[in-house]
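Q: Sequence isn't available, so here's the structure alone:
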């Protein structure tokens, strides 16, 4: 999916050393007025949406130069950076795993490395397969965006992109020799390769819209590539308008999936929603271009996952069961309405399925805490005992082998690769070395705040043992709450230990709009219900203040991407509650989604501006438009990357300019720009270290007693 999940009024800033720094450059004001359903909306900085405007790059460069002059002068930054570099350098980070052909493939950033690489373990021997850092130059870098091993483990399809752009080019490797085959396929950001059982070729998704335009993710198509063929001649399996019997909107992307041990293929149509529209057809008919697709489920059926096993199709369905259940249908007579339930809804939120020889493994969540279940052929459902409460971000199986691999992490436990055997026993594989980081001085706590409507909002805190609840502790609380994604579940805080070492509390609010408690939790923070998201964040902060953890003068809030919505709107609605706000690549001007690359496909989550209800919902979450002249706003740090394909840089830039002009508090508003980065997915360790040092130095400069 294209969404994977989306600065300062004072002229001077007094530094600890007593020096004064000139204020930020003043942005050009050129108002444009739009009228939506009789309501006028004024946009002072519309010109920033045109990245060819002669003032655009100079504005970014001058803003960043000003920000650097401020942040580099903060006395604690150098010490924070050194500690952050030590923390990130000591950790071996792992992000993806696959099992195929008796081999284990895993994406890992070894300790001390600057970016993720792809490794394979075969018969106990580990080998490096893909190292994007070999392509780096002095001015740019490459990143591994995605990858997929063939069923027998002999081939690998993977995507590389430059400077965090996620604009992937598909490559193919022969795993045994490491040779990279001559085929190259561009425009494969969302390729999602699905291999044939004999590893001779794969289905993939290809974008057709021009880069950096609102059409980028519209009218994508599904194609099939046979190894050795000319990619330009790859058969188009599905495109909008190609099959009169399969009509769908331009925002939907077609994905075709094959699986071993089944003579069927699935067509899954998806957009920003977690739900899919699913159809099935005989695989051989699909390959020959004469498929007659049979409907399985529509978006209204709320199916979020599917697994084929022979003629049986297992579906993860949420309709009428917001925490999910598993049903089974025949692939030859596949209507979900005739499905038989095999796993009933429970208190757990079902997230995904993975087929192994010994059963169907289920990844689940209990209010944000990861769980794993196994459904055996006889219908027995077993809960796998995990070694600690944490997050299970990935589960990998091989239909030819029993057991599973999983990633498992905790707030104070780095992510590692664990195995589950046929007996349900869990063991650390040792693929991810444990870092030499002593976490014994720290502790975690899970609490609940009460929102204004009485809903209990979970949040987690990490801090040093012996903390005094005297209301004087710096605190940094993050929130997200969009797309039904559980964004802040236990994951090693790593770099944040540098901030915690300074006496700060680091917290994570599981606000509505996420998926911690299933589809109802998502809907309670979606569309017209979106205000719950930032008001939940406000409730969490107020609860912390009442309990003496911190106070308004010492509290910072933050969010990334769509987390810019709760962050920006809490800033606009309750500026008195925070000393500082940090928005990383944040979405602040949703009313102008029509002008950015990641545009119309977002409408199911936020609303369509051409619809009156959609316009109202979009306006309610637009923090750029919510800024008021003369408001006494806290200190603000906004960040962006110029190659960001998910949140256009004009969002943070407009927000910075508006706050700089409007705020009467005298507190800084900074715009930090990375000219060699995008949304963060492809950022190097060094880039992430620098941003963390800037963020923590800024927070401490504003929140310390």
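A: Done, it's in. In this text the structure is predicted, and so the values were computed from the model without any measurement.
Q: Could you report the neighbour count for the closest residue to residue 200 other than its chain neighbours?
A: Of all residues not flanking residue 200 in the chain, residue 227 sits nearest, at 5.9 Å (CB to CB, 6 or more residues apart in numbering). For glycine as for every other residue, the C-beta is placed from the backbone atoms N, C-alpha and C. Here the count is done by other CB atoms under 10 Å, and residue 227 has 18 residues near it.
Q: low-confidence ranges in the protein?
A: 1-21 (pLDDT under 70).
Q: which residue ranges form the helices in it?
A: Secondary structure of the chain (DSSP state H): helices at 56-71, 77-90, 283-287, 497-500, 519-523, 531-546, 564-573, 603-606, 612-620, 623-626, 650-662, 685-703.
Q: Could you check the angle the first one makes with helix 685-703?
A: Going by axes from the mean of the first three to the mean of the last three CA atoms, to 10 degrees, helix 56-71 is angled at 60 degrees with respect to helix 685-703.
Q: Buried ones in stretch 261-271, by neighbour count?
A: 262, 264-271 (16 or more other CB atoms under 10 Å).
Q: just how off-centre is that stretch within its chain?
A: How far stretch 261-271 lies from its chain's middle: 24 Å, per CA atoms, centre = their mean, to the nearest Å.
Q: Tell me the buried residues in stretch 565-580?
A: Here stretch 565-580 shows 565-572, 574-575, 577-580 as buried, counting by 16+ other CB under 10 Å.
Q: ok, residue 455 touching residue 512?
A: Yes: counting by CB atoms under 8 Å, residue 455 touches residue 512, with 7.2 Å between them.
Q: Residues that sit against both of the two, list them.
A: Shared contacts of residue 455 and residue 512 (CB atoms under 8 Å, 6 or more residues apart in numbering): 524, 532, 536.
Q: Let me see the contact set for the last one.
A: What that stands for is residue 536. 449, 451, 455, 457, 479, 481, 509, 511-512, 525, 566.
Q: Apply 6 Å and report the result again.
A: By CB atoms under 6 Å, 6 or more residues apart in numbering, residue 536 lies in contact with 451, 457, 511-512.
Q: Could you check how far it is from residue 484?
A: Separation of residue 536 from residue 484 (CB to CB, to the nearest Å): 15 Å.
Q: Same question for the second one.
A: Spatial separation of residue 532 from residue 484 under the definition CB to CB is 14 Å.
Q: what about residue 455 and residue 512, which has more around it?
A: Neighbours were counted for residue 455 and for residue 512 using other CB under 10 Å; residue 512 has more, 28 against 16.
Q: Just list whatever residues bridge to the more buried one.
A: Beta-bridge pairing of residue 512 under DSSP bridges involves residue 514.
Q: Isn't it up against residue 526?
A: No: look at residue 512 against residue 526 with CB atoms under 6 Å: they stay out of range, at 8.5 Å.
Q: returning to what we had before: and the buried residues of stretch 565-580, which is closest to residue 172?
A: residue 565 (39.2 Å; CB to CB).
Q: and that closest one, what does it touch?
A: Contacts of residue 565 (CB under 6 Å, 6+ apart): residue 621.
Q: got it, and residue 550?
A: 473, 475, 544.
Q: and the contacts of residue 536 as CSV, adding distance to residue 383?
A: What follows is the contacts of residue 536, written out as CSV (distance: CB to CB, whole Å):
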residue, distance to residue 383
451, 31
457, 27
511, 28
512, 27
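Q: And the furthest pair within these?
A: In the contacts of residue 536, two members sit farther apart than any others by CB to CB. They are 451 and 511, at 8.9 Å.
Q: which of those two has more neighbours?
A: residue 511 (33 against 20).
Q: hang on, isn't that one packed against residue 481?
A: Yes: counting by CB under 6 Å, residue 481 is a contact partner of residue 511 at 3.9 Å.
Q: what touches both of these two?
A: Shared between the contact lists of residue 511 and residue 481 (criterion: CB under 6 Å, 6+ apart) are residues residue 533.
Q: quick check, nearest of the buried residues of stretch 565-580 to residue 253?
A: For the buried residues of stretch 565-580, the nearest to residue 253 is residue 565 (23.8 Å; CB to CB).
Q: In contact with the closest residue to residue 653 other than its chain neighbours, which residues?
A: With CB to CB, 6+ apart as the criterion, residue 653 has its nearest non-adjacent residue at 5.1 Å, and that residue is residue 48. By CB under 6 Å, 6+ apart, the contact set of residue 48 is 650, 653-654.
Q: Residue 436 now?
A: residue 90.
Q: ok, now how distant is it from residue 681?
A: Distance from residue 436 to residue 681, by CB to CB: 28 Å.
Q: Equivalent analysis for residue 656, please.
A: Taking CB to CB, one finds residue 656 at 23 Å from residue 681.
Q: cool, residue 356 as well?
A: Computed as CB to CB, the residue 356 to residue 681 distance reads 29 Å.
Q: Name the residue in these two with the higher neighbour count.
A: Comparing residue 356 with residue 681 by other CB under 10 Å, the one with more neighbours is residue 356, at 22 against 19.
Q: Sort out which residues of stretch 164-179 are buried, please.
A: 164-173, 175.
Q: what's the answer for stretch 525-540, then?
A: Buried-residue list, stretch 525-540, by 16+ other CB under 10 Å: 525-527, 530-540.
Q: Next: stretch 229-239.
A: Neighbour-count burial for stretch 229-239, counted by 16+ other CB under 10 Å, picks out 231, 234, 237-239.
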